[in-house]
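Engineer: Using only what follows, build the 3D model:
(2 chains)
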Amino acid sequence: MTGFSTLLYKEVLRFWKVGFQTVAAPVITALLYLLIFSHVLEAHVKVYEDVTYTAFLVPGLTMMSVLQNAFANSSSSLIQSKVTGSVIFVLLPPISYQAFYLAYVLAAVLRGLSVGIGVLLATLWFAPLDCREPLWIITFAVLGGGILGSLGMIAGIWADKFDQLAAFQNFIIMPLTFLSGVFYSIHSLPPFWQRLSHWNPIFYMIDGFRYGFFGISDVSPWLSLSIVMLCFAILSALTLSMLKHGYKLRA
Amino acid sequence: MSPAIRVRQVTKRFGSVQALAGVDLDVEQGEFFGLLGPNGAGKTTLISAAAGLVRLDSGQIAIVGHDVVKDYRQARRQLGVVPQELVFDPFFTVRETLNFQCGYFGIGKSRARDAWIDEILENLDLTSKANANMRSLSGGMKRRVLVGQALAHRPPVIVLDEPTAGVDVELRQTLWQFIRRLNRDGHTIVLTTHYLEEAESLCSRIAMLKAGRIVALDSTASLLQRFSARTLRLRLAPGATLPPTLAQRAEIRDSIYSIAFDHFTEIEPMLADLRNGGCGLEELEIGQPDLEDVFVRVMHERGATQ
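Structural biologist: A predicted model of the protein is given here:
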């Protein structure tokens, strides 16, 4: 237990020490998106009745920040320690692979939640916060952070250099998060893109998370929850298997 | 009593390279053991396998009786490793680094832990740097922190993989004093080094590795005796020639003649031959056996497991 809690504490301290870069900067980025998009589209777009476009944007931007930062945390921690060689300090001790997994993913979730809370607090100035179903909000935030935290571990373990990780982030994670209905309802898309969006797991994370705020969503929150839990189970199993077999960590 | 490290029929291949080709080795508890060999001989692979960083193709390694795969938790608790590379986590201070290392091994926060870390810091002359970020330390200091990290969980067996590479003379002496003390206190020390004089003065037993095999394994004294002899070294005066009786036994390098002998009683007859042959000398000295000779000879002569 001490090994796990130490590793978790180390991982949290790692991002907290550079909080400007890891928490404050993503909050500012999300805020800029909100200012620009709401300025341009507030008068033209209405997704749900009784919900302004700015208010509609807030949950999507929050969840996008949670997901991107959860991914960034576990992936950057692992690749940095692999490239510098300091990963041996966490490989030499008698920490089980399950504890190893849990510590990295939990730290990723905590970073995601820190940024997410930051975004929500910062956007309070621009749109009223409506929290109809807080339990759904928390569930989707934690599961989404967990999924992207796991994916970050997979990418961080798989990548041998920063370039490969950047490719993973820019060619997979970024398009999936941007094209998941953060800025629009998928009902506004042409049928082909609507169908395609249903294959994007991040769409369900955003949609379910948004349901928690407005009580309205593009698909049933239970469907979203099922898909998100399935994704979490699959990615956790994959990450645990990589750790168990020492893939790219133990030669 | 289980050996500190028991290695049995260990093999490991990386692609086309056979890094370990059937190594058997016992390091007894309390020993100061040297692991020597040229680059690529398999030293680091062997150490990494003992530490669980490398998975073996076949064979077993046990640390104080605990198999490094089946009983990895206990095995890792028994072992402290000082890695060859100067690695550090740039986010943290020296004290944080050592605290984490204790925690990873299950030693929770307590006064006893703080006191132990203070002791490590003091012994490694790092007290004044306890709250400095790892990035701000010199190479020598980072090396000392690595030693501290290996000691954090008080392991009975400590493996040092070329710990003095690139370290200045003064620090090397301090480091060895400290490691010697650990050995006197009962810790088993396994050392790999390129500085053969270090191995000679520190290690009671030595294994030499070549291409993944052990080519020599004996006490340092026996190795020196078996593979290296004392030599009479002569530089002749201009125009002088060595008498035929000595010329047969002599090896010449850089115009210095070396004649090997076992006992000092052999010196007088050799000097008599020189006098009778009218051979003038410019320089004369007696060379002591050293590990470098042993190393060079073993590496050149031995290809197979002893």
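Engineer: show me what contacts the residue of chain B found nearest chain A?
Structural biologist: Per CB to the nearest CB, residue B:103 is where chain B lies closest to chain A, at 2.8 Å. Any C-beta I mention is one placed from the backbone N, CA and C, and that applies to glycine too. Contact analysis of residue B:103 by CB atoms under 8 Å, 6 or more residues apart in numbering or on different chains lists A:2-3, A:5-7, A:9, B:109.
Engineer: out of these, which are buried?
Structural biologist: Buried by 16 or more other CB atoms under 10 Å in any protein chain shown: A:3, A:6-7, A:9, out of those.
Engineer: Of those residues, which ones also sit close to chain B?
Structural biologist: Checked against chain B using CB under 8 Å from any CB of the partner chain, the buried ones among the contacts of residue B:103 yield the following neighbours: A:3, A:6-7, A:9.
Engineer: Let's have the residues you listed in CSV, adding secondary structure and pLDDT.
Structural biologist: Converted to CSV, these look like this (DSSP: H, G, I helix; E, B strand; the rest coil; pLDDT from 0 to 100):
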residue, secondary structure, pLDDT
A:3, helix, 90
A:6, helix, 94
A:7, helix, 95
A:9, helix, 95
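Engineer: As CSV, these with distance to residue B:9 would be great.
Structural biologist: Shown next, in CSV, are these (distance: CB to CB, whole Å):
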residue, distance to residue B:9
A:3, 31
A:6, 36
A:7, 34
A:9, 41
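Engineer: so which of the residues you listed comes closest to chain B?
Structural biologist: Nearest to chain B among those is residue A:6, at 2.8 Å by CB to the nearest CB.
Engineer: if we can go back for a sec, looking at the contacts of residue B:103, which one is closest to residue A:158?
Structural biologist: Closest to residue A:158 out of the contacts of residue B:103 is residue A:7 (20.3 Å), distances taken as CB to CB.
Engineer: From residue B:35, how far out is the closest one?
Structural biologist: Distance, residue A:7 to residue B:35, using CB to CB, to the nearest Å: 30 Å.
Engineer: and what of residue B:180?
Structural biologist: Counting by CB to CB, the gap from residue B:180 to residue B:35 is 18 Å.
Engineer: got it, and residue A:100?
Structural biologist: For residue A:100, the distance to residue B:35 - CB to CB - is 29 Å.
Engineer: So the two - more neighbours on which side?
Structural biologist: Between residue A:100 and residue B:35, residue B:35 has the larger neighbour count (other CB atoms under 10 Å in any protein chain shown), namely 27 against 22.
Engineer: OK, contacts around the residue nearest to the more buried one when sequence neighbours are not counted?
Structural biologist: Closest residue to residue B:35 apart from its sequence neighbours, by CB to CB, 6 or more residues apart in numbering or on different chains: residue B:192 at 4.5 Å. By CB under 8 Å, 6+ apart, residue B:192 lies in contact with B:34-37, B:43-44, B:47, B:84, B:160-162.
Engineer: Could you dump those residues into a markdown table and include distance to residue A:225 and secondary structure?
Structural biologist: Formatted as a markdown table, the contacts of residue B:192 follow (distance: CB to CB, whole Å; DSSP: H, G, I helix; E, B strand; the rest coil):
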| residue | distance to residue A:225 | secondary structure |
| --- | --- | --- |
| B:34 | 61 | strand |
| B:35 | 56 | strand |
| B:36 | 61 | strand |
| B:37 | 58 | coil |
| B:43 | 53 | helix |
| B:44 | 49 | helix |
| B:47 | 48 | helix |
| B:84 | 49 | coil |
| B:160 | 53 | strand |
| B:161 | 50 | strand |
| B:162 | 54 | coil |
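Engineer: Type out the ChimeraX command that picks the buried ones from the residues you listed.
Structural biologist: In ChimeraX syntax, the buried subset of these is picked out as below (16+ other CB under 10 Å):
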select /B:34,35,36,37,43,44,47,84,160,161,162
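Engineer: Looking at the contacts of residue B:192, which is nearest residue A:95?
Structural biologist: residue B:47 (19.7 Å).
Engineer: now the strands for the stretch 101-250 of chain A?
Structural biologist: Counting by DSSP state E, counting those that start in this stretch, the stretch 101-250 of chain A has no strands at all.
Engineer: now do chain B
Structural biologist: Ranges of strands in chain B, per DSSP state E, are B:5-14, B:17-27, B:32-36, B:58-63, B:66-67, B:79-82, B:157-161, B:188-192, B:205-210, B:213-219, B:230-236, B:250-253, B:256-261, B:281-287.
Engineer: quick one: average pLDDT of the shortest one?
Structural biologist: So that's strand B:66-67. Average pLDDT, strand B:66-67: 94.
Engineer: Contact residues of chain B facing chain A?
Structural biologist: B:14, B:48, B:51-55, B:72-74, B:76-77, B:79, B:81, B:83, B:85, B:87-92, B:96, B:99-108, B:149, B:153.
Engineer: The same query, at a cut-off of 6 Å, please.
Structural biologist: Contacts of chain B with chain A, taken as CB under 6 Å from any CB of the partner chain, map to B:51, B:53-55, B:73, B:76-77, B:81, B:83, B:85, B:87-89, B:91, B:100, B:103-106, B:108.
Engineer: Selecting buried members of the residues you listed in ChimeraX, what would you type?
Structural biologist: If you want just the buried ones from these in ChimeraX, going by 16+ other CB under 10 Å, the selection is:
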select /B:51,53,54,76,77,81,83,87,88,89,91,100,103,104,105,106
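Engineer: Helices - which of the residues of chain B next to chain A land there?
Structural biologist: Secondary structure from DSSP state H places B:73, B:76-77, B:100, B:103-104 of the residues of chain B next to chain A in helices.
Engineer: Would you format these as CSV with pLDDT included?
Structural biologist: Shown next, in CSV, are these (pLDDT from 0 to 100):
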residue, pLDDT
B:73, 91
B:76, 94
B:77, 94
B:100, 94
B:103, 94
B:104, 95
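Engineer: how about the helices of the stretch 101-250 of chain B, start to end?
Structural biologist: B:111-123, B:139-151, B:169-184, B:196-202, B:220-227, B:244-247 (DSSP state H, counting those that start in this stretch).
Engineer: where are the low-confidence patches of the stretch 151-300 of chain B?
Structural biologist: B:166, B:228 (pLDDT under 70).
Engineer: do that again at 90, thanks
Structural biologist: B:161-179, B:181-182, B:192-202, B:206, B:208-300 (pLDDT under 90).
Engineer: cool, chain A as well?
Structural biologist: In chain A, residues with pLDDT under 90: A:1-2, A:34-57, A:123-133, A:168-169, A:172-198, A:214-219, A:246, A:249-251.
Engineer: which residues touch residue B:134?
Structural biologist: B:88, B:90 (CB atoms under 6 Å, 6 or more residues apart in numbering or on different chains).
Engineer: Count the neighbours of the nearest residue to residue A:193 once chain neighbours are set aside for me.
Structural biologist: Of all residues not flanking residue A:193 in the chain, residue A:186 sits nearest, at 7.5 Å (CB to CB, 6+ apart). When neighbours are counted by other CB under 10 Å, residue A:186 registers 20.
Engineer: now swap in residue B:82 and tell me
Structural biologist: 22.
Engineer: Does it touch residue B:150 like I think?
Structural biologist: Yes. Between residue B:82 and residue B:150 there is a contact under CB atoms under 6 Å: 4.6 Å.
Engineer: which bits of chain A sit near chain B?
Structural biologist: Counting by CB under 6 Å from any CB, chain A comes close to chain B at A:2-3, A:6, A:10, A:14, A:17, A:85-86, A:88, A:91-94, A:250-251.
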